[in-house]
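Participant: Got a predicted structure here, sequence first:
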Protein chains: 2
Amino acid sequence: VLVFLNGQFVPEEQAVVSVFDRSFLYGDGLFETIRVYAGKPFRWVQHIERLQRGAEFLKIELPFSTEALRDFAGQLIERNQMKEALLRISLSRGVGRRGYSTEGANGPFLAMTLHPASVTATGNPPGWRLVTSSFRVAVGDSVALHKTCNKLPQILARAEAEEQGADEALLLNANGEVAEAASSNLFWIEHGTVCTTPLASGILAGVTRAFVLELCGALTLPTAEKSLRPEALKQAEGVFLTLSSLEVVPVVSLDGHALKQSPVVQQIQRAYREAVLRECA
Amino acid sequence: VLVFLNGQFVPEEQAVVSVFDRSFLYGDGLFETIRVYAGKPFRWVQHIERLQRGAEFLKIELPFSTEALRDFAGQLIERNQMKEALLRISLSRGVGRRGYSTEGANGPFLAMTLHPASVTATGNPPGWRLVTSSFRVAVGDSVALHKTCNKLPQILARAEAEEQGADEALLLNANGEVAEAASSNLFWIEHGTVCTTPLASGILAGVTRAFVLELCGALTLPTAEKSLRPEALKQAEGVFLTLSSLEVVPVVSLDGHALKQSPVVQQIQRAYREAVLRECA
């Protein structure tokens, strides 16, 4: 497998970065994970726009134009002959002086790697078992909105969930309200309305979250962004997660308690598939 | 300069890590920064114990015994002929599968690098100007206690402080109490008592913080761990910061407001220097 490394294509064994790189030292970087269907990165523009917003927030300059990046991504997919894949873009601040100060760290480093996409026969994964994590997110966290390389709370929450035999962890925020899952955004259906937690609750601004809200608009399903106590999730007509790699994943249980399944979730899954076929045919 | 890379000594140009390394991807690792005086790493045991506690918390296995690590550190100092230095130990979970799950990531990666120590003529740096950051730490944060590679809040706080012409950033916690500075722990003197914020306030368990509390004990200075509102810091008899690289740094101003200077801070600085001379002669 070839890897894109700051302008060059190299075999994965040679895909290395300095141990003085700030993303290695401090998680001082950003990333994107983009699903590639039929050789085309889905929602490319939205992922790149989030990367740009994050880069502006962290004051890291993107070393390539978005056009050049799109071209390199296409070459990477082509040269690796991986048409169904996950494309990860990593943007690090690069090498600087020792310590937290960003002064002098002016050589950003950008890598793109391709990974096999995990798809089930139906195109949709089976439902996930969710457990509530002991880790919490901060309300209104300006850093967490961006897809930064500081992912230890998510990693630890996921490990905790896997130890309990679950698939994914539900993170509450410091107010005790539901926020998001370790690798996905959370939705639920309440009186026919498709609800999700507000960005201010301390969550990542998910590209798939925004796309699902867009799809609901097209399906004329009412939507709402609102806070919720975790107990209330068990009464929902349906609960699902959104993430670029797996689209829309129904939640089958929360802390061992079986959850209701809603036909609305399947309706959204179908609409997602249709959009993929339309945009990546 | 030679770098220690998982068992080998390599020139710094060759000191690289895979772009699939989880510390690069997610900040999934830990580090220590240890001051080396006269060729001897100061408070080595305490730094290694913190690294071990962090590794246990993150479930990363240390790839070397502490005896082997101490021996490699000695070789690194010797071979680089750097007797006055900062030694950074980086411990990453290594390469795993794509995604947050730690499953299959069983090849931890450990690097040690040496950096020039920043010392002033007096052995003590001049006082630092502190400004209050807009970034906050979470109260009782179990992750923040460990020296993990998730340092974006600290990096952003430091950048904010430098933009304002200050040296260091003061971080409050979500309750609005003072917690710590971006790269250092906070102390102040109140009615002759040397005070610092409790570990539960959301701070890093600083090795130098613990050592200074120990020094105060030996000096028979009363100490206390307590919460404080930021306004009260301006009334303190003296304010100082502790960090391994620079020992004890007096704070000269907070948000542009000049702070009182206490002879107690110099007393602690002298005791620190004496301990260094005693242990690293």
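Facilitator: Looks like it came in fine.
Participant: only C-alpha atoms for contact and neighbour calcs from this point on.
Facilitator: Noted.
Participant: Quick one, grab the pLDDT at residue A:281.
Facilitator: The model reports residue A:281 with a pLDDT of 81.
Participant: how about the residue nearest to it when sequence neighbours are not counted, what does it touch?
Facilitator: Closest residue to residue A:281 apart from its sequence neighbours, by C-alpha to C-alpha, 6 or more residues apart in numbering or on different chains: residue A:38 at 6.9 Å. Contacts were defined as C-alpha atoms under 8 Å, 6 or more residues apart in numbering or on different chains; by that measure residue A:38 touches A:83-84, A:280-281.
Participant: how about residue A:38, phi and psi?
Facilitator: For residue A:38, the backbone dihedrals are phi 50, psi 40 (criterion: degrees, to the nearest 10).
Participant: That one and chain B: what is the separation?
Facilitator: If you measure residue A:38 against chain B using C-alpha to the nearest C-alpha, to the nearest Å, the figure is 20 Å.
Participant: Tell me the spacing between that residue and residue A:55.
Facilitator: As for residue A:38, its distance to residue A:55 is 29 Å (criterion: C-alpha to C-alpha, to the nearest Å).
Participant: Same check on residue A:83?
Facilitator: Computed as C-alpha to C-alpha, the residue A:83 to residue A:55 distance reads 28 Å.
Participant: Between these two, tell me which one has more neighbours.
Facilitator: When residue A:83 and residue A:55 are compared for neighbours, residue A:55 comes out ahead with 22 against 18, by other C-alpha atoms under 10 Å in any protein chain shown.
Participant: If you count contacts, what does the helix or strand harbouring residue A:158 end up packed against?
Facilitator: Take DSSP states H and E as the rule and residue A:158 turns out to sit in helix A:152-163. Helices and strands touching helix A:152-163, as assessed by 3 or more C-alpha pairs under 8 Å, 6 or more residues apart in numbering or on different chains; DSSP states H and E, comprise strand A:128-137, strand A:168-173.
Participant: what is the mean pLDDT for the first one?
Facilitator: The one in question is strand A:128-137. Averaging pLDDT along strand A:128-137 gives 96.
Participant: Could you check that strand against chain B for contacts?
Facilitator: No. Among the residues of strand A:128-137, none lie within reach of chain B under C-alpha under 8 Å from any C-alpha of the partner chain; the closest is 8.5 Å away.
Participant: Just give the closest residue to residue A:85, not the sequence neighbours.
Facilitator: Nearest in space to residue A:85, with sequence neighbours left out and distances taken as C-alpha to C-alpha, 6+ apart, is residue A:117 at 4.3 Å.
Participant: neighbours around that neighbour, how many?
Facilitator: Using other C-alpha under 10 Å, residue A:117 is surrounded by 17 other residues.
Participant: And it, how far from residue A:154?
Facilitator: Applying C-alpha to C-alpha, the value for residue A:117 to residue A:154 is 21 Å.
Participant: Residue A:264 too?
Facilitator: Summarising the geometry, the distance separating residue A:264 from residue A:154, computed by C-alpha to C-alpha, is 28 Å.
Participant: now swap in residue A:65 and tell me
Facilitator: Spatial separation of residue A:65 from residue A:154 under the definition C-alpha to C-alpha is 30 Å.
Participant: Mind checking which of these two has more residues around it?
Facilitator: Applying other C-alpha under 10 Å to residue A:65 and residue A:154 shows that residue A:154 carries more neighbours, namely 24 against 9.
Participant: now the more buried one: how far from residue B:281?
Facilitator: For residue A:154, the distance to residue B:281 - C-alpha to C-alpha - is 45 Å.
Participant: near chain B, which residues of chain A?
Facilitator: Contact residues (C-alpha under 8 Å from any C-alpha) of chain A with chain B: A:13-19, A:23-28, A:31, A:58, A:90, A:98, A:100-102, A:111, A:115, A:138, A:143, A:148-156, A:158-159, A:183.
Participant: Quick one, which of those are buried?
Facilitator: Neighbour counting over the residues of chain A next to chain B (16 or more other C-alpha atoms under 10 Å in any protein chain shown) leaves A:15-19, A:23-28, A:31, A:58, A:90, A:98, A:100-102, A:111, A:115, A:138, A:143, A:148-156, A:158-159, A:183 as the buried ones.
Participant: Let's verify residue A:209: helix, strand, or coil?
Facilitator: Three-state assignment for residue A:209 (DSSP: H, G, I helix; E, B strand; the rest coil): helix.
Participant: ok now do it, which residues does it touch?
Facilitator: Taking C-alpha under 8 Å, 6+ apart as the contact definition, residue A:209 lies against A:185, A:242-243.
Participant: try 10 Å
Facilitator: A:184-187, A:196-197, A:215, A:241-244, A:247-248 (C-alpha atoms under 10 Å, 6 or more residues apart in numbering or on different chains).
Participant: so which of the residues you listed is the most crowded?
Facilitator: Most neighbours among these, by other C-alpha under 10 Å: residue A:187, with 30 neighbours.
Participant: Just say which of the helices and strands packed on helix A:152-163 is most tucked in.
Facilitator: The densest packing among these, expressed as mean neighbour count by mean count of other C-alpha atoms under 10 Å in any protein chain shown, is seen in strand A:168-173 with a mean of 27.
Participant: helices and strands around it, which ones?
Facilitator: Using 3 or more C-alpha pairs under 10 Å, 6 or more residues apart in numbering or on different chains; DSSP states H and E as the contact criterion, the neighbours of strand A:168-173 among helices and strands are strand A:128-137, helix A:152-163, strand A:178-181, strand A:185-190, helix A:230-233, strand A:247-254.
Participant: Format the ones you listed as CSV; extra columns: distance to residue A:73.
Facilitator: Formatted as CSV, the entries for these read as follows, by distance: least, C-alpha to C-alpha, whole Å:
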stretch, distance to residue A:73
strand A:128-137, 31
helix A:152-163, 27
strand A:178-181, 28
strand A:185-190, 26
helix A:230-233, 39
strand A:247-254, 21
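Participant: could you measure residue A:268 against residue A:153, distance?
Facilitator: When C-alpha to C-alpha is the yardstick, residue A:268 and residue A:153 sit 29 Å from each other.
Participant: for residue A:61, same thing?
Facilitator: Computed with C-alpha to C-alpha, the distance linking residue A:61 and residue A:153 is 26 Å.
Participant: can you check residue A:130 too?
Facilitator: Counting by C-alpha to C-alpha, the separation of residue A:130 from residue A:153 is 16 Å.
Participant: and if you look at residue A:279?
Facilitator: Residue A:279 sits 34 Å away from residue A:153, taking C-alpha to C-alpha as the criterion.
Participant: and if you look at residue A:96?
Facilitator: Taking C-alpha to C-alpha as the criterion, residue A:96 is separated from residue A:153 by 26 Å.
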